[in-house]
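[1] Sequence and computational prediction follow.
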Amino acid sequence: MTKKAWSGRFSAPTDQSLEEFGSSIEFDKRLFREDIEGTRAYAKALLKAKVLKQTEYTQIASALTKIEKDIAEGKIKLTKQHEDIHMNIEMLLTDRVGEAGKKIHTGRSRNDQVVTDFRMYLREEIISIKSILKQFRKTLIKLSEEYIDIAMPGYTHMQKAQPVLLSHHLMAYYRMFKRDSQRFLECLERVNVLPLGSAALAGTGYNIDRKLIAKELGFSSVSKNSLDAVSDRDFAIEFLSDCSICMMHLSRLAEELILWATAEFKFIELADEFSTGSSIMPQKKNPDVAELVRGKTGRVYGSLVAMLTIMKALPLAYNRDMQEDKECVFDAVDTIKPCLVMMEKLLKTATIKDVNMFSAAEKGCLTATDLADYLVRKGIPFRSAHEITGKIVKHCVETGRDLFQLSSKDYKKFCDKITEDVHDHLTIEASIARRNVIGGTAKNQVALAIREAKEDLKRA
Ligand code: ARG
């Protein structure tokens with residue numbers, strides 16, 4: 001039986017079932033590097049506070065380096081008896097350096113230690129997610145440039161609405177992922193605050209130089225209230241919320257790719273390398289990547305809701321409930337990263353069926369608004385122009401034709417102000433070119449948006 005660090009107060013050993021139940025080592029071992037780095041910085045502060053002698057500090061620092069290497073190489077068995085990564089590392093340190101190791105937890109608590117590790121971990125992951133997002137945005141820009149001349153139907157209510165450029169559609173996603181990236185950056189600012197020195201809840205009783213630790217560990221500031229510092233998990237909730245929003249965007253894109261790849265739409269063909277078949281139906285080619293991304297979105301939302309629920313009734317300060325925070329965040333990190341990577345691959349390798357997109361834009365009177373606008377230019381108030389155009393569309397629906405298939409004579413029956421030039425006015429190209437407003441789908445506006453996005457990415 002391994003002796004517990006807290007055994008002094010107890011007369012009976014922990015039941016094995018509680019050891020199993022309470023241990024977090026299976027998942028928080030992921031934090032070993034952060035825990036060691038944090039411990040090293042804390043040792044430095046203890047040295048400055050004269051709790052450790054120089055020789056003790058040197059012993060501790062070199063043992064920590066060795067422990068880190070040994071864990072990384074799988075040479076050490078981390079145990080449930082020591083509950084979590086913090087206690088495991090402290091025990092290893094004590095085993096290796098004896099009395100000096102026993103001093104490392106002076107004025108420190110696992111409560112400030114765990115949240116320090118967690119913030120360091122999250123900091124790195126945010127940077128990594130941001131860089132994957134950057135790659136994703138780069139691809140969106142590249143595809144938008146490539147498809148700048150492809151027209152497609154734009155939809156509202158999933159009903160054909162007005163023609164747009166495919167690149168305009170893709171750049172809409174660029175905007176979403178740019179905002180996601182900004183959100184992660186803002187989150188990083190709130191993550192990067194040092195809690196260590198807050199100890200269990202009231203602040204450490206030793207002369208610990210918190211600013212020194214912050215500098216050592218790359219934190220941009222130190223927490224201002226010890227009770228808050230050990231019990232705040234807002235940063236994790238904020239991160240999960242940013243992940244959820246980003247996943248929601250990915251899921252919308254996934255949904256569109258799934259639809260576009262159907263026989264009914266035929267707007268795209270997904271690459272064989274990123275599609276799957278059926279075990280029974282030989283003809284099937286399924287968009288599993290996009291479906292998995294859509295499905296995994298629910299999983300990330302689940303972590304956000306779990307985290308909000310875990311925290312909602314916790315009195316100050318630390319409560320063990322908070323141990324549940326890590327799996328939520330780890331799972332979200334392990335989900336969002338491959339989702340971004342896979343969606344980028346799926347998008348990049350899809351073949352665009354530009355002819356189908358264009359002909360879909362030509363069916364369904366998508367330039368009806370342009371016709372109403374044409375009448376407005378001829379001096380008819382918009383509401384009346386809308387009414388006249390509605391009647392023309394009704395006629396098209398009844399006769400199975402489209403606006404551009406009506407002759408000038410047909411048009412005249414509805415309004416004598418319509419002349420020959422109406423046909424030029426109602427083409428897909430003319431409709432798109434007319435949306436020449438900042439943020440509109442006209443080619444030069446989309447090209448401008450692409451240029452701006454490129455500049456933006458250079459700075460990111
Ligand atoms: N494993 C714990 C967690 O993840 C570390 C903090 C434990 N603190 C305590 N007072 N039991 O939250």
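    Alright, I've got the coordinates. Please read these numbers as outputs of a predicted model, since none were measured by experiment.
[2] In the stretch 251-400 of the chain, which residue sits nearest the ligand?
    Residue of the stretch 251-400 of the chain nearest the ligand, by CB to the nearest ligand atom: residue 323 (3.6 Å). Just so you know, the C-beta spots here come from the backbone N, C-alpha and C atoms, and that holds for glycine as well.
[3] Compute the number of surrounding residues for the residue nearest to that residue when sequence neighbours are not counted.
    Nearest non-adjacent residue to residue 323, counting by CB to CB, 6 or more residues apart in numbering: residue 24, 5.3 Å away. For residue 24, the neighbour count with other CB atoms under 10 Å is 20.
[4] Isn't residue 24 up against residue 324?
    No - look at residue 24 against residue 324 with CB atoms under 8 Å: they stay out of range, at 9.1 Å.
[5] What parts of this protein come near the ligand?
    Counting by CB under 6 Å from any ligand atom, the chain comes close to the ligand at 24, 28, 84, 110-111, 114, 318, 320, 322-323.
[6] if I pick the closest residue to residue 436 other than its chain neighbours, what's in contact with it?
    Leaving aside its chain neighbours, residue 436 sits nearest to residue 442 (3.9 Å; criterion: CB to CB, 6+ apart). With CB atoms under 8 Å, 6 or more residues apart in numbering as the criterion, the residues that contact residue 442 are 432-436.
[7] sorry, back to before: residue 179 versus the residue of the stretch 251-400 of the chain closest to the ligand, what's the distance?
    Separation of residue 323 from residue 179 (CB to CB, to the nearest Å): 32 Å.
[8] Compare those two (neighbour count), which wins?
    Neighbours were counted for residue 323 and for residue 179 using other CB under 10 Å; residue 323 has more, 18 against 14.
[9] I'd say the more buried one and residue 23 touch.
    No - in this structure residue 323 lies outside contact range of residue 23 using CB under 8 Å: 9.6 Å.
[10] Report the buried residues of stretch 229-245.
    Across stretch 229-245, burial judged by 16 or more other CB atoms under 10 Å covers 229-233, 235-245.
[11] With stretch 255-270 instead?
    Buried residues in stretch 255-270, counted by 16+ other CB under 10 Å: 256-261, 265, 267-270.
[12] Pull the distance from it to the chain's centre.
    Distance, stretch centre to chain centre, for stretch 255-270: 24 Å (CA atoms, centre = their mean, to the nearest Å).
[13] and if you look at stretch 32-40?
    27 Å.
[14] thinking again about what came up before, filter the buried residues of stretch 255-270 down to just the ones in strands.
    Using DSSP state E to define strands, the subset of the buried residues of stretch 255-270 located there is 268-269.
[15] want to try CSV for the buried residues of stretch 255-270, with pLDDT and distance to residue 5 as columns?
    Listed next are the buried residues of stretch 255-270 as CSV, based on pLDDT from 0 to 100; distance: CB to CB, whole Å:
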residue, pLDDT, distance to residue 5
256, 98, 54
257, 98, 53
258, 98, 53
259, 98, 57
260, 98, 58
261, 98, 57
265, 98, 62
267, 98, 62
268, 98, 59
269, 98, 61
270, 98, 55
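[16] among the buried residues of stretch 255-270, which two are most distant?
    The two members of the buried residues of stretch 255-270 with the most space between them (CB to CB) are 256 and 269, at 14.5 Å.
[17] Please tell me how far whichever strand or helix holds residue 87 is from the chain's geometric centre.
    Under the criterion of DSSP states H and E, residue 87 resides in helix 85-97. Offset of helix 85-97 from its chain centre (CA atoms, centre = their mean): 35 Å.
[18] for the following helix or strand past that helix, packing partners?
    Where DSSP H and E defines the elements, the next helix or strand beyond helix 85-97 is helix 110-146. Helix 110-146 sits against helix 32-48, helix 85-97, helix 166-191, strand 193-194, helix 226-231, helix 234-260, helix 325-349, helix 443-459, with contacts defined as 3 or more CB pairs under 8 Å, 6 or more residues apart in numbering; DSSP states H and E.
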